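Colleague: Sequence plus predicted model, see below.
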Amino acid sequence: MGCAVAIIATKAFWSKPGECIGPAEIRAAAEHYIQSQTAEHVKTAVLEAFQNVDGPYDTPQHRETLLSIILDNQIC
């Protein structure tokens, strides 16, 4: 869920720098995220990256992995 929020927020706020962003822009970014299949790509990437992780997820290595997934799945 955190990956989705980061990707959607980036799309909504980056698309119109300096302008006031409201619910309509965030909603449009969320709809685009879902319709573009990015959600499915992110889900697959997270499941693959963490399939063998038994311990805590909040480590520098795992945060770096999540950041990489977010950056690899930015929507234009």
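Modeller: Structure's in. What do you need? Numbering: from 1, shown residues only.

Colleague: Just give me the neighbour total for the closest residue to residue 49 other than its chain neighbours.
Modeller: Leaving aside its sequence neighbours, residue 49 sits nearest to residue 65 (CB to CB, 6 or more residues apart in numbering; 5.0 Å). Any C-beta I mention is one placed from the backbone N, CA and C, and that applies to glycine too. Residue 65 is flanked by 17 other residues according to other CB atoms under 10 Å.

Colleague: which residues of this protein fall in helices?
Modeller: 2-14, 23-35, 38-49, 60-72 (DSSP state H).

Colleague: buried ones in the shortest one?
Modeller: Residues of helix 38-49 classed as buried by neighbour count (16 or more other CB atoms under 10 Å): 38, 39, 42, 45.

Colleague: swap in the last one?
Modeller: Neighbour-count burial for helix 60-72 flags 65, 66, 69, 70 (criterion: 16+ other CB under 10 Å).

Colleague: elements contacting that helix?
Modeller: helix 2-14, helix 38-49 (3 or more CB pairs under 8 Å, 6 or more residues apart in numbering; DSSP states H and E).

Colleague: How far off centre is that helix?
Modeller: Mean C-alpha position of helix 60-72 versus that of the full chain (CA atoms, centre = their mean, to the nearest Å) differs by 10 Å.

Colleague: Kind regards, and thank you for your time.
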